[in-house]
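Trainee: Give me a 3D structure for the following:
(chains A and B)
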Amino acid sequence: MAKDKIINVTLKVWRQKNAESKGHFETYDAKDVNVNMSFLEMLDVVNEDLILAGKSPIAFDHDCREGICGTCGAMVNGYAHGPDKAVTLCQVHMRSFKNGETIVIEPFRAKAFPVIKDLAVDRRSMDRIIAKGGYISVKTGNAPDAHATPVQKKASDLAMDAAACVGCGACVAACPNASASLFVGAKVSHMGLLPQGQPERKQRVQNMVWQMDSEGFGNCSNAYQCEAACPKEISVDNIARMNRDINRCGN
Amino acid sequence: MSLHSKEPSGPVNEKWESHKFDMKLVNPANKRKVDVIVVGTGLAGASAAASLAELGYNVKSFCIHESPRRAHSIAAQGGINAAKNYPNDGDSVHRLFYDTVKGGDFRARESNVHRLAENSVKIIDQCVAQGVPFAREYGGYLANRSFGGAQVSRTFYARGQTGQQLLIGAYGALMKEVDKGGVTLFTHREMLDIVVIDGKARGIVVRNLRTGKIESHSAHAVVLATGGYGNVFYLSTNAKACNVTAAWRAHKKGAYFANPCYTQIHPTCIPVKGDFQSKLTLMSESLRNDGRVWVPKKKGDKRRPSAIPEEDRDYYLERKYPSFGNLVPRDMASRNAKEQSDEGKGVTETGLAVYLDFKEAIERLGKDAIKARYGNLFDMYFQITDSDPYKEPMVIYPAVHYTMGGLWVDYNLMSNLPGLHVLGEANFSDHGSNRLGASALMQGLSDGYFVIPNTIGHYFAGTPGALDDVSTDHPEFKKTEDEALARINKLLAVNGTRTVDDFHRELGNLMWDKCGMARNKEGLEFALKRIPELRKEFWSNVKVAGDNEDYNQSLEKAGRVADFMEFAEVMVKDALEREESCGGHFREEHQTEEGEAKRDDENFSHVSAWEFTGVDSAPILHKEALEFVDVPPSERNYK
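Mentor: Got it, this is the predicted structure:
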């Protein structure tokens, strides 16, 4: 464990009462911050002070605080999930910031992610994409023995790489077009790489991409910002797989 | 009063099959007219909601998150057990059954555990068919690894993200049914109460977390899959939103709470680093396959770990338990870490930590092999601690992880309150007083995919009045809504000087000190006196920000902590009443000469199920006698 060290930082935080109201930045001093605190623990401390001062605490999404549930996320100094590579915001620690630094914190911004309050956004558009085909339609009880179909280790490993997506939406927030292509591509690849996923492969990609478009996500223009922002380092290769599957469907 | 499990008669390995035939059925055409509420979308809730909808029931699925995929099952790392015996190492349904009953220190119901072992095999089939990318060998077949408390390799895994992958499978099945119209999804809803009409669970009252609106929802049966109560300790490996509210509210409406003192302290977590700590992070038990646990032999040895030669190290688990070594069950590994720390051999500045060392495994297998097995865990450890486990041993310490206690259920997973079913960690049934690693995922999915779809029909078809019309027009709904709103307004009106987290931390510290890894009469009696005082102070001095008609995270927390303040009391009471040590419940007064848990089978071979009689009023104890026919109780021996 790194030695305890204390820093002071200034926060510029986006405050917005709800989806309808107009937001604005407010400035807060975060004093005596132990660098071994997580970023969210630092926000906890700021919120405790706001509550005791009779002010409204900063609403932010979080839950597991171990980088797997996909709930947390905000733009920190312009980066989705903050400055560290390949982690969610809850895993960023204050040792990544300098004493005296000003930290700008904003919600993930996308048309398909309306703000709920302050830094909390509504990402149910991603659930609606999954509902259109992000699964294999096997009813409970229908399954054959797990060893009935061997799966090439390489395919299985690639499927796992894609399946590691936590559904946080950082890829959307980082994309200049607010595209969900990496999210959808990862799910299409996860299923499409496995033998179990073949029967529904065509309809899956068509229906999911259709839903992505109708939710108001933008298109992919190969900026690759999604891959850079992804806390699980999901590769843009998955977008290529999705596009290949779409092309195979014909028009 | 004594409680009856309603388990079927006959040999343990035939009970479930014969029960499935004996249970009454609901005709497919009639299922369309039956509404079922499922609260929670973790492994148990999502698998239940999806499977019930596939059968034709109208399912209403509720979760407190913005998306059903956020439930905390997602954080399970290491794996899921199943008696597949693919490695040909002597595993069987009977052995998994045996290991689980023994691992639970003979405090689980044999019939339930056997059913769990039977279902384990089908779970793997189901999940593979869903596309869960379990680890595979080069031949294309599934890989296995070992977990604590077993001498066979029966754990299936998807890197260090097994819970996530299983949950994505169940969530996919759920969303498939949402798309087909069989499930109506209500996200960002917190269950505040259960509605009981004519003695049956007929609906729930929830708060819409976005708008604050209090809503009523009716159904012919209610299924709770709302997880455990580990956050009563404030610091635990649970997610921040995990809470006891749904279970506690059901308890206050008549459902018995069973074995609340059974809590699991997981041996391998990243130690506490400061007062600001908001949660603890688990390092998967699978690490004990290759990591060796040790402390310096000499007290207060402050040398760097690499500077301490082999002869000055004590690999205490390997020394004390040569046949299981580092893979002893969780309760034993945790207690031993505490014992070493209490003796002054703990490491780091706090002295509350032990080493988990991979040096030997890296030398034997190479860094790449270790990286392939545990890479994401090592990365997470580095991110949190700023220390590289490939170079320095990890430092670990036990932390609250899972709760074996929960709402009492019979063999059909129904509580004593007709129509109220309870699944997964929220019930008490399968793990006794200590859960084995990789068994929580198994139980959640067994309950949701394979038990409740069978047993709920039996309730509908076999209970007079169960299928009578039900509507939120019934005055009981309005009354329950009014009570829920009054409580919220009361919380907001206090306007005191201490925050919710401040109170929660104090309660958590008290519970950890007096009702944590080791308990004694004096400490428990102190807690029993202190909790009502703290609760009184909470209700007179808490400060909750904002108002109800808003997305108000401070208010959400306040309601949950208020319930923990009540729940903590029955937990301590249960620990005090159980004058023995078993599994995760270690009473210092009851230990063997070697410091192991000492059970008292003559007086405590029962489930303790508590009946609520009022806040500030003593609960009534009911007992379900436990009988062990196929696995005769013995002293657990892992030497």
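
Trainee: Chain A: helices as residue ranges?
Mentor: A:39-52, A:124-131, A:153-163, A:170-174, A:181-192, A:201-214, A:225-229, A:237-249 (DSSP state H).

Trainee: Measure how the last one sits relative to helix A:153-163, angle-wise.
Mentor: This means helix A:237-249. If you take axes from the mean of the first three to the mean of the last three C-alpha atoms, to 10 degrees, helix A:237-249 sits at 100 degrees to helix A:153-163.

Trainee: Just give me the neighbour total for the nearest residue to residue B:200 once chain neighbours are set aside.
Mentor: Computed as C-beta to C-beta, 6 or more residues apart in numbering or on different chains, the closest residue to residue B:200 that is not its neighbour in sequence is residue B:419, at 4.3 Å. In this view, the C-beta of every residue, glycine as well, is placed from N, C-alpha and C. Residues lying near residue B:419 (other C-beta atoms under 10 Å in any protein chain shown) number 28.

Trainee: hang on, residue B:419 packs against residue B:222?
Mentor: Yes - the pair residue B:419 / residue B:222 is scored as a contact, 6.3 Å apart, by C-beta atoms under 8 Å.

Trainee: In chain B, where's the longest helix?
Mentor: helix B:553-577.

Trainee: What residues sit buried inside it?
Mentor: B:553-576 (16 or more other C-beta atoms under 10 Å in any protein chain shown).

Trainee: Identify the residue spatially nearest to residue 202, adjacent ones excluded.
Mentor: With no chain named, the answer covers chain A. residue A:249 is the one closest to residue A:202 (C-beta to C-beta, 6+ apart), at 5.2 Å.

Trainee: look at chain B instead
Mentor: residue B:470 (4.9 Å).

Trainee: what's residue B:141 in contact with, if anything?
Mentor: A:147, A:150, B:86 (C-beta atoms under 8 Å, 6 or more residues apart in numbering or on different chains).

Trainee: ok, the last one to residue B:124 distance?
Mentor: Looking back up the chat, that one is residue B:86. From residue B:86 across to residue B:124, the span is 9 Å (C-beta to C-beta, to the nearest Å).

Trainee: For the contacts of residue B:141, pick the one with the most neighbours.
Mentor: Result: residue B:86 is most packed of the contacts of residue B:141 (other C-beta under 10 Å), 18 neighbours.

Trainee: and it, helix, strand or coil?
Mentor: coil (DSSP: H, G, I helix; E, B strand; the rest coil).

Trainee: Number of residues surrounding residue 31?
Mentor: Because you didn't say which chain, this covers chain A. 13.

Trainee: hmm, I had chain B in mind actually
Mentor: 18.

Trainee: For the closest residue to it other than its chain neighbours, give me the backbone phi and psi.
Mentor: The shortest distance from residue B:31 to any non-neighbouring residue, by C-beta to C-beta, 6+ apart, is to residue B:56 (3.6 Å). Dihedral pair for residue B:56: phi 120, psi 0, per degrees, to the nearest 10.

Trainee: quick one: residue B:56 from residue A:89, how far?
Mentor: In terms of C-beta to C-beta, residue B:56 sits 42 Å off from residue A:89.

Trainee: same deal with residue B:179?
Mentor: Taking C-beta to C-beta, one finds residue B:179 at 31 Å from residue A:89.

Trainee: In terms of neighbours, single out the busier of these two.
Mentor: Per other C-beta under 10 Å, whichever of residue B:179 and residue A:89 has more neighbours is residue A:89, with 30 against 18.

Trainee: Pull up the per-residue confidence for that one.
Mentor: Reported pLDDT at residue A:89 in the predicted model: 98.

Trainee: My guess is it contacts residue A:71. True?
Mentor: No - the pair formed by residue A:89 and residue A:71 falls short of the contact definition of C-beta under 8 Å, at 9.7 Å.

Trainee: Need the residues touching each of the two.
Mentor: Contacts common to residue A:89 and residue A:71, judged by C-beta under 8 Å, 6+ apart, are residue A:62.

Trainee: any idea how far chain A is from residue B:131?
Mentor: 5 Å (C-beta to the nearest C-beta, to the nearest Å).

Trainee: Can you get me a residue count around residue 146?
Mentor: Going with chain A. 23.

Trainee: my bad, chain B
Mentor: Residue B:146: 21 neighbours (other C-beta under 10 Å).

Trainee: Quick check: phi and psi on residue B:611?
Mentor: According to degrees, to the nearest 10, residue B:611 has phi -100, psi 130.
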